[in-house]
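Peer 1: just a sequence and a predicted model for now, questions to come.
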Amino acid sequence: MEHVRGETADASPGIDGVTPHPKVGEKAREGHPVVFVLDRHHTPLQPTSPARARKLLHQGRAVVVRHTPFVIRLKDRSAEQSQVDGVELGIDPGSKQTGVAVSTTRNGNRRGLYAIELAHRGSRIRDALTRRAAYRRGRRTRNLRHRKPRFSNRTRREDWLAPSLRHRVDTTMSWTTRLARWAPVRAVHVERVAFDTHVMSNGEPLAGVAYQHGTLYGTEVRAYLLAKWGKACAYCGATGVPLNIDHIHPRSRGGSDRISNLCTACVPCNESKSNQPVEDFLRQSPQRLALVLAQAKAPLQDAAAVNATRWALWRALDAAFPTVRTASGSRTKWNRLRTGTPKSHTLDALCVGELQAINRTPARVLVVTATGRGSYSRTRTDKHGFPRLRLPRQKQFFGYQTGDLARAVVPTGKNAGTHTGRIAVRAGGGFDIRTAHGLVQGIRHKRFRLLQRADGYAYANRPEGPTPAE
């Protein structure tokens with residue numbers, strides 16, 4: 001049976017149903033990411049192939065609703081006149097990136113239709129809050145005009161999360177609800193992992209009473225560090241001098257107070273290093289740098305962030321979608337190895353939950369980077385926290401604002417050509433645009449055509465493939 005817009009009744013339009021055989025080395029086939037389709041009343045229909053979407057647009061039967069991700073709306077069809085099988089979402093939560101996969105499943109065979117990698121900005125939120133607190137603390141200690149501290153008169157809800165952690169949950173929920181507006185989501189599969197940070201920091205399995213003994217069992221911090229570093233400065237090797245306790249990875253840059261992040265340092269080295277990364281401070285001494293890094297263990301802040309947000313994410317998904325299924329990280333890894341799928345956030349999201357095989361994977365991934373919608377602050381401060389310049393009150397100039405997705409066609413000059421990307425507006429009318437090839441500056445506003453309004457995210461495409469683990 002074939003419908004008016006060209007769908008077939010057995011599978012998603014334009015997507016083959018060949019099942020690979022992993023035991024003989026067959027891999028899942030790659031295909032172009034699908035195009036999301038809405039009916040005349042903006043109800044989501046089954047996604048279609050890019051070729052069929054171009055045909056519908058060329059015939060005048062559809063119009064473009066959104067540029068990235070690409071969404072079209074049919075002008076002559078409704079959901080009641082179409083066969084809608086539905087799609088499923090797979091979510092692989094992470095500290096820095098979260099993978100989201102849109103797929104269809106039939107008889108245990110899963111076909112990947114679309115892949116999104118969300119890049120969070122939790123570290124930038126943490127740095128901004130730390131910087132603001134330092135400015136206020138400095139003004140208070142200098143006995144200048146300041147905002148009084150309010151540490152003891154604030155209450156927190158039981159489900160309170162730090163802003164940098166809440167952002168990870170909100171961003172993931174924002175994109176799952178967006179996808180539910182563009183595609184008929186029937187179920188959500190989320191990986192709910194739990195990291196044992198004690199075992200991770202120890203580096204080997206623990207059992208019995210050893211699990212209750214921490215790194216400093218039977219000793220003290222300073223004595224432990226002096227014994228660990230041989231009563232010498234970790235940076236220059238000086239002995240017989242007063243030694244301070246220093247953070248290898250500075251606290252102002254996200255370092256923790258874990259014993260593995262502490263070392264002994266002489267006073268000159270401690271003052272010279274300040275809050276520099278140890279890689280920069282010991283750039284001229286690669287052997288000493290290798291020794292320090294070998295003593296230090298990998299930080300656990302990414303594992304802690306995932307542990308802190310996993311329940312909040314599950315509760316938010318359970319409230320927003322009728323069917324939410326959870327799976328362990330071990331099940332995801334087993335599915336990935338059994339199907340011969342490479343390691344990446346988006347492919348892990350495709351492997352979450354129960355499945356028999358993966359028939360198809362998207363050839364390209366949409367990388368969505370959280371950039372924010374600007375700042376309420378209309379001033380910029382100097383290093384002491386005092387205002388040094390003032391920004392304009394309005395955000396739009398000549399009908400554009402920073403973050404808009406636009407295309408500029410420049411006929412002549414050093415910037416001649418067609419440029420597509422996010423723009424940064426200027427009051428004088430000379431805009432900057434950041435494309436996939438770099439930054440282009442000083443293009444007049446009359447050369448731009450708006451493609452999509454700023455929504456707090458930057459978009460890029462990359463081929464699907466393995467990514468380094470967090």
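Peer 2: Noted; the coordinates are in hand. On a predicted model such as this, the values are computed, not experimentally measured, just so you know.

Peer 1: remind me which residues of the stretch 301-450 of the chain are low pLDDT?
Peer 2: In the predicted model of the stretch 301-450 of the chain, no residue satisfies pLDDT under 70.

Peer 1: can you give me the strands in the stretch 301-450 of the chain?
Peer 2: Under the criterion DSSP state E, counting those that start in this stretch, strands of the stretch 301-450 of the chain are mapped to 324-327, 357-362, 364-370, 379-381, 387-390, 396-397, 400-401, 405-410, 417-424, 430-435, 438-444, 448-452.

Peer 1: tell me which of the ones you listed lies nearest to Ile72.
Peer 2: Counting by C-beta to C-beta, Ile72 lies closest to strand 448-452 out of the strands of the stretch 301-450 of the chain; the figure is 14.0 Å. Just so you know, the C-beta spots here come from the backbone N, C-alpha and C atoms, and that holds for glycine as well.

Peer 1: quick one: mean pLDDT for the helix or strand just after that closest one?
Peer 2: On the C-terminal side of strand 448-452, the nearest following helix or strand under DSSP states H and E is strand 457-463. When pLDDT is averaged along strand 457-463, the result is 92.

Peer 1: buried residues, strand 457-463. List them.
Peer 2: Under the neighbour-count criterion of 16 or more other C-beta atoms under 10 Å, strand 457-463 has Tyr457, Ala458, Tyr459, Ala460 buried.

Peer 1: one more: stretch 138-147?
Peer 2: Within stretch 138-147, the residues scored as buried using 16+ other C-beta under 10 Å are Arg139.

Peer 1: who's in contact with that stretch?
Peer 2: With C-beta atoms under 8 Å, 6 or more residues apart in numbering as the test, stretch 138-147 has contacts from Arg136, Pro149, His384, Gly385.

Peer 1: convert the C-alpha atoms of it to PDB, please.
Peer 2: Included here for stretch 138-147 are C-alpha records, laid out as PDB according to Å, rounded to 0.1, in the frame of the first residue of the first chain:
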ATOM      1  CA  GLY A 138      36.400  41.200  47.400                       C
ATOM      2  CA  ARG A 139      34.100  44.200  47.700                       C
ATOM      3  CA  ARG A 140      33.000  43.100  51.200                       C
ATOM      4  CA  THR A 141      36.600  42.600  52.400                       C
ATOM      5  CA  ARG A 142      37.700  46.000  51.100                       C
ATOM      6  CA  ASN A 143      34.800  47.600  53.000                       C
ATOM      7  CA  LEU A 144      33.400  49.200  49.800                       C
ATOM      8  CA  ARG A 145      29.800  49.400  48.500                       C
ATOM      9  CA  HIS A 146      28.700  45.800  48.400                       C
ATOM     10  CA  ARG A 147      25.800  43.400  48.600                       C
END
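
Peer 1: determine which two of the contacts of stretch 138-147 are furthest apart.
Peer 2: Pairwise distances among the contacts of stretch 138-147 were taken by C-beta to C-beta; the largest, 18.7 Å, belongs to Pro149 and His384.

Peer 1: can you give the distance of stretch 415-435 from its chain's centre?
Peer 2: Taking C-alpha atoms, centre = their mean, to the nearest Å, the mean C-alpha location of stretch 415-435 is offset from the chain mean by 25 Å.

Peer 1: which residues touch stretch 426-434?
Peer 2: With C-beta under 8 Å, 6+ apart as the contact definition, stretch 426-434 has outside contacts at 392, 397-398, 400, 406, 408, 419-425, 439-445, 448.
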